[in-house]
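S.K.: The amino acid sequence is not available; the structure is as follows:
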């Protein structure tokens with residue numbers, strides 16, 4: 001009996017999707033399929049499997065080393081994996097033992113830019129049938145299941161800012177290697193600062209055409225392609241999808257965009273604020289609403305003609321506000337992302353909401369009779385792991401609903417409002433996450449401690465580096 005059958009991994013829909021996947025691999029004459037899972041940082045990792053082995057890989061999974069769950073963003077192993085419990089207190093992870101990637105065949109795609117290549121998203125399991133507790137896609141599905149028990153589905157639309165540069169030097173000489181290696185040398189596509197002008201868009205249209213043609217066959221709900229404010233900065237938006245589908249779309253979009261553009265001599269980066277002269281910060285604005293499972297209606301639409309949100313929507317909004325500081329470590333998981341939070345910058349710096357106000361952390365859109373009524377969270381950075389970002393929103397919103405919280409008045413001058421500030425650093429955000437009982441209960445205390453330890457290892461490495469700022473500040477003075 002296969003691993004999938006023995007442990008009841010798939011439902012009927014997934015079994016049907018697996019049969020369709022096998023048929024498509026054969027019908028299209030695919031040569032390989034990439035099996036991938038999103039790690040703790042939302043980065044795809046996996047193996048490429050020959051077509052002849054795909055059927056077996058679907059049924060019994062593919063082994064990967066559990067050390068992948070122990071790594072920070074430099075790919076350095078943070079936990080002592082060669083000790084009892086592997087540093088995690090889990091015997092299944094001692095000594096860099098194997099875990100299994102088990103595909104969700106409903107995510108299968110054929111990659112248009114890679115010859116004869118398929119792709120499928122996976123979740124991870126130990127060989128004894130126990131789920132790997134650090135699998136962020138599974139954590140997100142658990143949050144969505146709790147929301148479903150309350151009678152609602154989570155809908156999310158994506159508004160993603162990022163930079164695209166012309167690649168001048170990939171820095172691949174041996175002396176450039178390391179953990180991390182030297183970043184590439186790049187050039188701008190445009191000078192920027194002509195936000196949404198057709199002239200600037202036409203300059204980047206060759207890049208947008210690569211994205212349009214490469215992404216459309218993947219079935220992503222592409223909505224718009226825009227030139228953003230800063231030099232070489234663009235934005236792509238995706239229509240709303242049910243929760244896990246939208247999170248999967250974000251993971252696939254980021255990876256696909258980087259791969260597509262690199263093959264054409266460009267470097268796409270979802271880093272929030274690159275250290276390049278004159279460039280601007282990038283954000284990831286998450287549009288969210290709840291769909292009632294009973295009738296499919298938008299549960300945020302108010303009944304009153306002058307209302308902004310339903311009673312449920314207001315409580316959800318209040319929950320997001322109440323836990324915003326703890327959730328920041330999940331929406332903004334890099335040291336770099338906190339350099340975006342500043343006043344008068346179209347990025348939030350404090351925990352407030354506003355009616356159609358781009359300076360507020362939470363922007364409320366729509367109203368009575370508007371099926372698009374939603375809350376836009378403007379706190380996130382485009383490097384965030386979407387599964388953790390979504391899960392945080394669900395647990396925070398549900399707490400607001402359960403406790404019948406009220407959000408207070410709209411902040412019409414958000415940068416002058418008397419309110420808590422968002423964390424100023426990743427270290428502060430991690431302390432807030434550790435102290436947030438709702439997020440610790442939702443995600444699990446073990447996961448929160450694990451996640452914070454990985455991020456604290458990044459902070460420790462950062463604190464040991466001598467920065468350009470320190471050199472300028474002290475080298476001549478002292």
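M.R.: Yep, that arrived. None of the values given here were measured: they were computed from a predicted structure.

S.K.: List the contacts of the lowest-mean-pLDDT helix or strand in the chain.
M.R.: Least confident helix or strand, the chain: helix 468-474 with a mean of 90, by mean pLDDT, DSSP states H and E. Applying CB atoms under 8 Å, 6 or more residues apart in numbering, helix 468-474 turns out to have no external contacts. Every C-beta, even on glycine, is put in place using the N, C-alpha and C of the backbone.

S.K.: what's the answer for stretch 427-443, then?
M.R.: So stretch 427-443 is contacted by 139, 143, 146, 323, 325-330, 332, 338, 388, 391-392, 394-396, 399, 423, 448-449, 451-452, 455-456, 459 (CB under 8 Å, 6+ apart).

S.K.: So which bits of that stretch are buried?
M.R.: Neighbour-count burial for stretch 427-443 flags 427-434, 436, 438-440, 442-443 (criterion: 16 or more other CB atoms under 10 Å).

S.K.: Show me which pair in those residues is furthest apart.
M.R.: The span of those, defined through CB to CB, is set by 427 and 442 at 22.1 Å.

S.K.: How confident was the prediction at residue 133?
M.R.: You'll see residue 133 listed with a pLDDT of 97.

S.K.: Could you count how many residues lie near it?
M.R.: 18 (other CB atoms under 10 Å).

S.K.: Provide a list of residues in contact with it.
M.R.: Counting by CB under 8 Å, 6+ apart, residue 133 touches 90, 444, 446, 447.

S.K.: where does it land in three-state SS?
M.R.: On the three-state scheme (DSSP: H, G, I helix; E, B strand; the rest coil), residue 133 is labelled coil.

S.K.: now do the one 5 residues further on
M.R.: Secondary structure state of residue 138, per three-state DSSP, is helix.

S.K.: What ranges does the stretch 251-400 of the chain have for its helices?
M.R.: 311-322, 324-331, 386-402 (DSSP state H, counting those that start in this stretch).

S.K.: And residue 62, how far from residue 54?
M.R.: 10 Å (CB to CB, to the nearest Å).

S.K.: Put together TSV for the buried residues of stretch 427-443, with secondary structure and pLDDT on each row.
M.R.: Formatted as TSV, the buried residues of stretch 427-443 follow (DSSP: H, G, I helix; E, B strand; the rest coil; pLDDT from 0 to 100):
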residue	secondary structure	pLDDT
427	helix	98
428	helix	98
429	helix	98
430	helix	98
431	helix	98
432	helix	98
433	helix	98
434	helix	98
436	coil	98
438	helix	98
439	helix	98
440	helix	98
442	helix	98
443	helix	98
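
S.K.: Out of those, the closest to residue 201 would be?
M.R.: So of the buried residues of stretch 427-443, ranked by how close each gets to residue 201 (CB to CB), first place is residue 429, at 35.0 Å.

S.K.: Quickly note the distance from the closest one to residue 126.
M.R.: 31 Å.

S.K.: in the host helix or strand of residue 206, what counts as buried?
M.R.: Using DSSP states H and E, residue 206 falls within helix 198-215. Of the residues in helix 198-215, 200, 201, 203, 204, 207, 208, 210, 211, 214, 215 count as buried by neighbour count, 16+ other CB under 10 Å.

S.K.: May I see the residues you listed arranged in CSV, with distance to residue 470 and pLDDT as well?
M.R.: Formatted as CSV, those follow (distance: CB to CB, whole Å; pLDDT from 0 to 100):
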residue, distance to residue 470, pLDDT
200, 36, 90
201, 40, 92
203, 37, 92
204, 36, 94
207, 36, 96
208, 40, 96
210, 40, 97
211, 39, 96
214, 42, 95
215, 42, 96
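
S.K.: Closest one of these to residue 168?
M.R.: Nearest to residue 168 among the buried residues of helix 198-215, with distances taken as CB to CB, is residue 207, at 15.5 Å.

S.K.: Distance of the closest residue to residue 370 other than its chain neighbours relative to residue 159?
M.R.: Nearest non-adjacent residue to residue 370, counting by CB to CB, 6 or more residues apart in numbering: residue 301, 6.7 Å away. Residue 301 is 21 Å from residue 159, where distance means CB to CB.

S.K.: now swap in residue 324 and tell me
M.R.: 19 Å.

S.K.: who's more crowded, these two?
M.R.: Between residue 324 and residue 159, counted using other CB under 10 Å, residue 324 has the larger neighbour count: 27 against 20.

S.K.: didn't that one look like it was pressed against residue 361?
M.R.: Yes: counting by CB atoms under 8 Å, residue 324 does reach residue 361; the two are 6.4 Å apart.

S.K.: Which residues are in contact with each of the two?
M.R.: 351, 379, 422.

S.K.: Let me know the closest of those to residue 308.
M.R.: residue 351 (18.1 Å).

S.K.: State the number of residues packed around the closest one.
M.R.: With other CB under 10 Å as criterion, residue 351 counts 23.

S.K.: Make sure it is actually in contact with residue 327.
M.R.: No: with contact defined as CB under 8 Å, residue 351 does not count as touching residue 327 (10.2 Å).
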